[in-house]
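Enquirer: can't give you the sequence, but here's the structure:
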């Protein structure tokens, strides 16, 4: 089940360009979507299926701002309307392709799958893109064969950092004991907390003395379908500080990560992500190190999520025990299910 | 849905021989068929399944004109009757394998899947085989994962040559504007037309001056299930000629292509094809060039047909817009559906 | 359909060890089972699924005699009870993993899938393991994509040795004509017979004069689900001996093979097997030769069984003709079906 009235990330802006990337197909929430750019650079999103005999338009040819289906030569404008059928004086009725609202923001391409009249740009999550002059961010992408609901559960509970990411982001059990408060938002949750007095994470341990300890201020915003915006600031550990407040220790490294998980179908997602530091706290080599670590860490997630999916399919309906760390996942999935129910209701009213 | 009372091409005659090819399994219209040759060279076709415990006979051993199942040693004659069961004095009742009528013609092996009493050899399509002394033809084969009905639609409308085959057979938009007349035949359609004043196709362009123009006389016979017999003669362009008549320009290259598309199952076909020139118009290198081009072109078809199939499966029941070029496909599929309906009726009467 | 109250072979004892093999997942009769050893060497078998969110425990971390799920850090003891949830003072109700009775015997690991109270060790088949000081045995394993019922049929009728194994165990038609008596046992069948006056099998033919002839005393015990214990003794051929009795010729080579076929799911099995000679009749090189031959022979079975499965799936419900050699398979499958029916009845009574 997918939200229709939602912005779905269709990838990084540089994924759609010229030459080999002039016509790109993305599978988004059960739809095959063609992406390309007009001469003015505007990204067009339309159903990647010719209305004649269903050939993929992404196997076609871009002609100016139009796309030609390369099975029988039908030409479609950026608005999806058929402009010409070779050998016919008039275009047949119904020869148009559905298009979708598109917005580029923060170097991401966003596609609205539902009612175009409701495509509210303010619903796009706030992020920082790699082109932001105040930040040094590197991007990547990965396919994971899991239900996006399991990705939500993964991202809404960072206790797994201690266990899944022991060789990368983790390195101590501390993340496994944090019980943050997740504030409900209209289309997601927001979470702030400090992980206090921890050693450097495994991937950066060689940069510091063995007994160095840090406070990490974490600020997470998670919004539907599964966009994860993470500020992660490393401070010198405050002596003797405890409690839920954020650290006031000296800021050592201010990092930011934008992560968008786009469901392809029920059992597969595309994951677009960045990580890096503010220009102010940057030092040579750090973002390369973070970039490589990020991919390694998300391959750790992929392994556990795909293993989990195998078991979920093998044991359908098996009972699941809840634990304290499910608070975030439960809230975020509650928001998603509420919005899904509202969409189902509005369809019922319309019908 | 497959016609039962039809000749299906099981491949080129040289595909069934000795040594590694002495026992060949083909999947034809949902049946697994064993092919082998008797000592006299006659091809035998029988169900590739031992009646004992369903082991494939094609994993067996040819013994004279018989085949032994190499699971438990049962021996079957060329008529499908069990000749011996090791350890048993009498062959058990029912121990026989269904055989199918076979005809070799034009270097193709044809198998009749339906009622043997109705196996009328005159229903085999007329073709020219690579052993014909008046022709120089080369053969090949390819698997495409598509419904054979989509192959019919592909072959019954050559307007796609301009779009799918721009790098091979095409090279101008002309094919996309031809609206030929398709004559109904009892088991197919026949189409004749001239593509006038066109440049050389892409694959042969280097052989001619840039401004050379040609008339191409096309004669196509398409018959069920999906046999495509193509005469394609290149003439010097007649000055000022128009209309539907065939060109009377000087004949430069007389070519012929036999193509048989045999459905394996609902979503996959085997494609057996040849192309070449008459001996009279042959010149050194031309048939090698055509042969290589043919495979490249059919890989272009494979790409678009398999892309189309992906979309058809993703959007079941989605509406399709018709265009002028569907005339051929519509007629040919009408013939196929009429014959399928007649078979269904005759089964109803028999029951 | 699988027996629940049965011992299933989960592999060779050395398959579960330390390092890369400290947490092993086996698919057994539709269950995903985690195997590991406690500090004292006892093998633990538990469902390979965390009761929290279904992550595979085999992707976890062994900690002493416990296993930690490496998704959210839950720790489970060897009895399957949750010992700790990071961040929680109390373990939530229901946080336990099902465990299964395990016995190691004859270098095999046996797991009981059904009611633990009925786990009767005397039901484990009698075998000889590779650590037996009187024998020189080598082990191996193989996956075959077939229904285990077809494996039963394969092993309960050795007439196939002549046909399937002509290049390995066979070498003459003699096996194809043996009609042994299969004695019913409570959970299987037992079969003894002599194959008289045969040449050396293909794999060993180079070791003997071309006209050497042998008597082979065969003693087979087959028990549910599909355990095949084979004594296979090669004697000098007795002059003029006939009939069903065992050979009294001079013992040349006393061989033994333990084979356990464990169904993974409906269409796939794991095959664990050994073969070798008694120390008394061993000579240099013979067990290496037998070991290599064994794998080659079982790849011959794999080819025919997987071909058979393809046909069984393509022709569901097609009739099958019975032959004399089905006596063993029919008896063994009758035993299996009787036990399956008894389990179904006992569930009915309990409900």
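Expert: Sure thing, it's come through. None of the values given here were measured: they were computed from a predicted structure.
Enquirer: OK, now which residue of chain A is nearest to chain B?
Expert: Evaluated by CB to the nearest CB, chain A has residue A:86 as its residue closest to chain B, separated by 3.7 Å. For glycine as for every other residue, the C-beta is placed from the backbone atoms N, C-alpha and C.
Enquirer: Pretty sure that residue sits in a strand.
Expert: No - the assignment for residue A:86, made by DSSP: H, G, I helix; E, B strand; the rest coil, is coil rather than a strand.
Enquirer: ok, it to residue A:149 distance?
Expert: Separation of residue A:86 from residue A:149 (CB to CB, to the nearest Å) stands at 46 Å.
Enquirer: next one: residue A:225
Expert: 10 Å.
Enquirer: neighbour count winner among these two?
Expert: Neighbours per residue (other CB atoms under 10 Å in any protein chain shown) separate residue A:225 from residue A:149, with residue A:225 holding more: 26 against 18.
Enquirer: Which helix or strand contains the closest residue to residue A:153 other than its chain neighbours?
Expert: Distance criterion CB to CB, 6 or more residues apart in numbering or on different chains; nearest residue to residue A:153, sequence neighbours excluded, is residue A:329 at 3.9 Å. Take DSSP states H and E as the rule and residue A:329 turns out to sit in helix A:327-350.
Enquirer: Any idea how far that helix is from the middle of the chain?
Expert: 19 Å (CA atoms, centre = their mean, to the nearest Å).
Enquirer: In it, which residues are buried?
Expert: Going by neighbour count (16 or more other CB atoms under 10 Å in any protein chain shown), the buried part of helix A:327-350 is A:327-329, A:331-332, A:335-336, A:339, A:343.
Enquirer: pLDDT value on the closest residue in space to residue A:266 that isn't next to it in sequence, please?
Expert: Excluding the flanking residues, the one nearest residue A:266 by CB to CB, 6+ apart is residue A:147, at 6.2 Å. Listed pLDDT for residue A:147 reads 98.
Enquirer: thought residue A:147 was touching residue A:306?
Expert: No - using CB atoms under 8 Å, residue A:147 makes no contact with residue A:306, being 11.0 Å away.
Enquirer: Extract the residue ranges of the stretch 201-350 of chain A that are flagged as low pLDDT.
Expert: Low-confidence segments of the stretch 201-350 of chain A (pLDDT under 70): A:348-350.
Enquirer: Secondary structure element holding residue A:261?
Expert: Using DSSP H and E, residue A:261 falls in strand A:251-265.
Enquirer: a strand runs through residue A:273, doesn't it?
Expert: Yes - with three-state DSSP as the criterion, residue A:273 is located in a strand.
Enquirer: What's the local residue count around the residue nearest to it when sequence neighbours are not counted?
Expert: Of all residues not flanking residue A:273 in the chain, residue A:259 sits nearest, at 4.3 Å (CB to CB, 6+ apart). For residue A:259, the count of nearby residues is 21 (other CB under 10 Å).
Enquirer: got a list of what residue A:259 touches?
Expert: A:155, A:227-230, A:271-274 (CB atoms under 8 Å, 6 or more residues apart in numbering or on different chains).
Enquirer: re the thing from before, next one: the residue of chain A closest to chain B from chain C, what distance?
Expert: Distance of residue A:86 to chain C, computed by CB to the nearest CB, to the nearest Å: 43 Å.
Enquirer: list the contacts for that residue?
Expert: A:72-74, B:159, B:162, B:173, B:176-177.
Enquirer: Turn the buried ones among the residues you listed into a named ChimeraX selection, would you?
Expert: Burial among the contacts of residue A:86 is assessed by 16+ other CB under 10 Å; the matching ChimeraX selection reads:
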select /A:72,73,74 /B:159,162,176,177
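Enquirer: ok, what's across the strand from the nearest residue to residue A:223 once chain neighbours are set aside?
Expert: The shortest distance from residue A:223 to any non-neighbouring residue, by CB to CB, 6+ apart, is to residue A:188 (3.4 Å). Beta-bridge partners for residue A:188, by DSSP bridges, are residue A:185, residue A:223.
Enquirer: so when I look at residue A:221, I'm seeing a helix, right?
Expert: No - counting by three-state DSSP, residue A:221 is located in no helix; its state is strand.
Enquirer: That one - how many residues pack around it?
Expert: 19.
Enquirer: Setting the sequence-adjacent residues aside, check what's closest to the most centrally placed residue in chain A.
Expert: Note on chain A: the residue nearest the mean C-alpha position is residue A:260, at 0.7 Å, using CA atoms, centre = their mean. Leaving aside its chain neighbours, residue A:260 sits nearest to residue A:9 (3.4 Å; criterion: CB to CB, 6+ apart).
Enquirer: Looking at residue A:147 and residue A:306, which has the bigger crowd around it?
Expert: Higher neighbour count among residue A:147 and residue A:306: residue A:147, with 20 against 17, using other CB under 10 Å.
Enquirer: So which bits of the strand holding residue A:261 are buried?
Expert: Judged by neighbour count (16+ other CB under 10 Å), strand A:251-265 contains these buried residues: A:251, A:253-265.
Enquirer: Quick check: residues of chain A near chain B?
Expert: A:30, A:32, A:48-49, A:51-56, A:59, A:68-74, A:85-88, A:92-95 (CB under 8 Å from any CB of the partner chain).
Enquirer: Now do the SS call for the residue of the stretch 1-150 of chain A found nearest chain C.
Expert: At 7.9 Å from chain C, residue A:150 is the closest residue in the stretch 1-150 of chain A, using CB to the nearest CB. Judged by three-state DSSP, the three-state class of residue A:150 is helix.
Enquirer: How much space separates it from residue A:310?
Expert: Taken as CB to CB, the span from residue A:150 to residue A:310 is 12 Å.
Enquirer: more crowded one of these two?
Expert: residue A:150 (25 against 19).
Enquirer: what kind of secondary structure is the residue lying farthest from the centre of chain A in?
Expert: Taking CA atoms, centre = their mean, the residue of chain A most remote from its mean C-alpha position is residue A:89, at 44.9 Å. Three-state call for residue A:89 (three-state DSSP): coil.
Enquirer: ok, the strand holding residue A:261: who's next to it in the sheet?
Expert: strand A:227-236 (antiparallel), strand A:268-278 (antiparallel).
Enquirer: Could I get those in TSV, plus columns for mean neighbour count?
Expert: Shown next, in TSV, are the strands paired with strand A:251-265 (neighbours: other CB atoms under 10 Å in any protein chain shown):
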stretch	mean neighbour count
strand A:227-236	21
strand A:268-278	22
